[in-house]
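[1] How does the following fold in three dimensions:
(one chain, ligands or ions: 1)
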Amino acid sequence: MCGIIGAVRKSDVLPVLLDGLKRLEYRGYDSAGIAVIANKSVSRVRSVGKIAALEQAIQTRQVLHGTTGIAHTRWATHGPPTEINAHPHISEGRIALVCNGIVENHEEIRQKLMSEGMRFVSQTDTEVIVNLVSREIRQGKDLLEAVKETTSMLEGAYAIGVVSADEPDRLVGARHGSPLVVGIGDGESYIASDMSALLPVTRDFFVLENGDIVDIQENRITIVDQSGRTQSRPVKTSSLSLEAVELGNHRHFMSKEIHEQDQSVSNTLEGRITGTRILEACFGNRATQVFDRIRSVQIIACGTSFHAGLVARHWFEEHGIPCQVEIGSEFHSRIHAVPEDSLVVSLSQSGETRDTLSALEHAMESGYAHSLAICNVPDSSLVRNSELVLMTHAGPEIGVASTKAFTTHLVALRLLVIALGRRFRMTETDEARLVRELRELPKQIRAALEIESQIRNIARQFVDKHHALFLGRGIHYPIALEGALKLKEISYIHAEAYPAGELKHGPLALVDNEMPVVSVAPNDRLLNKLKGNIEEVRARGGKLIVFADSRTRLRSQENLQVIHVAPVDSSIAPIIFTIPLQMLAYHVGLIKGTDVDRPRNLAKSVTVE
Ligand code: F6R
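    This is a model prediction of the structure:
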């Protein structure tokens, strides 16, 4: 789970590689490196830490100038984040290689190569790939043939970029399970893990498919499969704007992404509703045919996307649609009693989360009838492997902590609930009401964002805390889970979420005046029960922070701080009540001085199981 980039240019390759690495940094950032072919030899600089550290290392050494090169930003899987384990890896001083992914049979290959006398210096699985390529070249193959032969021996999921000092204007890339795009420039060509890395230099791309190998020689791009047959892939023109992947006036992408949720939600809705109805065709040509058959829904997702699924279960079941939700990594590791005519709905911002992809594959092999992906990244693996697709159109999400992906997933799920609900017990009047509520959302999101200054003050109370508890009831329990997840990843404070009703079954023992207890209190039918739980905490000296609908009559008093949120319809309240919790996590992280957009040990796109 790393970012890779490579280029064959007419001028110095270094600025493009460095800029691209910065755009890919969200994918992993524990170490980074660059290799350039200069004067028929490989020149490499690597460093531990973020791209800024690599930039500094390059300045001190001043060695990397040439027109062909590759670069990498790493999220460690095999071997700790040291300089020796950082990519590019070099074999026999002539071949340099970057990899995003995992080689499952690396140990076996390593033993074999060592028995042939090859040396290994790192603990990474990637080093076996570069040594294999090098061995093939020694046996007389050119770079493309060597990569073809090498990839036929690898098991796992990976994308690679390789250059050779003996073929200075050539770059070969290969994709098997991890994403790789080819950028088509003006007399120059590129590879990268995603399009955003290359936006300043091109908007035209080939999206490689699994098993594709790309051979770039000066400005000629050839794509072949494992057996050498030429493959033609359509040119895709990216509609991403540069501003969408830049900070603008914000200090962090997380803040930018929190604040653009009114717009991203509008984008999710655009073209999907008309008058008082939703347009079913937005799910794809076959949607009506598929939906007519569906009798239940199985949601699979990871992390924040999983929390969106937990919210949606309440919505589906409220309208008579049986729904199960499971974490991808759990789903793909067990045997299923498959219900008839069940729709597998996978949720993923990136569309490249390995556990979600494996869960989808496992579902289809197990006999689930149909699949639908809700996703933010066009041409991602999830989108390509699903029968029906609803893109969220949230725009690039760069902050590692997911924010606008969560709210847009919820909006997309709401559209699905309506489309399926018509076949269960949703009436036209219900549909008209739900559509009206969706139309109101962007305005309500803007209102929720207005309480940020109050949240900034509250955030100060968390700075010296080690633990926090989040409480929610019913459909807001997943919102508590999401609030706790955001706080722990951004501020490194241990945060746990509990269904408020479960408090008395154990967690009350933890309550004291040291651990803040956060809750959301929408004006719904569970409010009185929640008020009871709030009192249980206060009675034990606990300190509460409650984000409450202003109609709830909850008021601040001793050990209870209430921050009012503008009134909101109860069915979409989970979307609105998420926003204060996102802002809380952001401001706690900011005050604590953590790297908000790139929290330690994490990566944006988790392409390993
Ligand atoms: C948390 C977060 C992760 C992701 C998870 C799934 O803030 O970002 O938990 O939600 O890794 O990622 P996607 O949605 O890309 O499948």
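[2] Show me what counts as buried in the longest helix along the chain.
    With DSSP state H setting the assignment, residue counts place helix 428-449 as the longest helix in the chain. By 16 or more other CB atoms under 10 Å, the buried positions in helix 428-449 come out as 431, 434-435, 437-438, 441-442, 444-445, 448-449. The way it works is simple: take the backbone N, C-alpha and C, and place the C-beta from them, glycine included.
[3] can you check stretch 272-280 too?
    Across stretch 272-280, burial judged by 16+ other CB under 10 Å covers 272-273, 278, 280.
[4] can you check stretch 7-17 too?
    For stretch 7-17, a neighbour-count test (16+ other CB under 10 Å) marks 7-9, 13-14, 16-17 as buried.
[5] before we move on, what about stretch 410-420?
    For stretch 410-420, the neighbour count (16+ other CB under 10 Å) marks 410-420 as buried.
[6] do the same with stretch 291-311
    291, 294, 296-311.
[7] So which of the residues you listed belong to strands?
    Of the buried residues of stretch 291-311, the ones assigned to strands by DSSP state E are 296-301.
[8] how about the residues of the stretch 501-609 of the chain that lie near the ligand?
    Proximity of the stretch 501-609 of the chain to the ligand is confined to residue 606 under the rule CB under 6 Å from any ligand atom.
[9] Over to the chain?
    302-305, 348-350, 353, 356, 401-402, 405, 485, 489, 606.
[10] So, low pLDDT: which residues of the protein?
    1, 62-63 (pLDDT under 70).
[11] Can you name the residue of it nearest to the ligand?
    residue 303 (1.9 Å; CB to the nearest ligand atom).
[12] I'd say that residue and residue 485 touch.
    Yes: with contact defined as CB atoms under 8 Å, residue 303 counts as touching residue 485 (7.0 Å).
[13] Mutual contacts of those two, please.
    Residues touching both residue 303 and residue 485 by CB atoms under 8 Å, 6 or more residues apart in numbering: none at all.
[14] OK, contacts around the residue nearest to residue 409 when sequence neighbours are not counted?
    Excluding the flanking residues, the one nearest residue 409 by CB to CB, 6 or more residues apart in numbering is residue 308, at 4.0 Å. Contacts for residue 308 (CB under 8 Å, 6+ apart) come out as 301, 347, 406, 409-410, 413, 478.
[15] picking up where we left off before, of all the buried residues of stretch 272-280, which two lie farthest apart?
    Farthest-apart pair in the buried residues of stretch 272-280 is 273 and 280; separation 11.0 Å (CB to CB).
[16] sorry, back to before: buried among the residues of the chain next to the ligand? Need that as a selection in ChimeraX.
    Selection of the buried residues among the residues of the chain next to the ligand in ChimeraX, burial being defined by 16+ other CB under 10 Å:
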select :302,303,304,305,348,349,350,353,356,401,402,405,485,489,606
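[17] what's the closest of the residues of the chain next to the ligand to residue 24?
    Distances from residue 24 to these, taken by CB to CB, are shortest for residue 350, at 12.6 Å.
[18] thinking the closest one is in contact with residue 378, fair?
    No: judged on CB under 8 Å, residue 350 makes no contact with residue 378 at a distance of 11.5 Å.
[19] List phi and psi for residue 161.
    phi -130, psi 130 (degrees, to the nearest 10).
[20] The one 4 residues further on too?
    Reported as degrees, to the nearest 10, the phi and psi values for residue 165 are phi -60, psi -20.
[21] swap in the one 3 residues further on?
    With angles defined as degrees, to the nearest 10, residue 168 sits at phi -60, psi -20.
[22] Kindly report the same for the one 10 residues further on.
    Dihedral pair for residue 178: phi -110, psi 150, per degrees, to the nearest 10.
[23] same check, this time on residue 35
    The phi/psi pair for residue 35 (degrees, to the nearest 10) reads phi -130, psi 130.
[24] got a list of what it touches?
    42-44, 69-71, 88, 90, 96, 98, 163.
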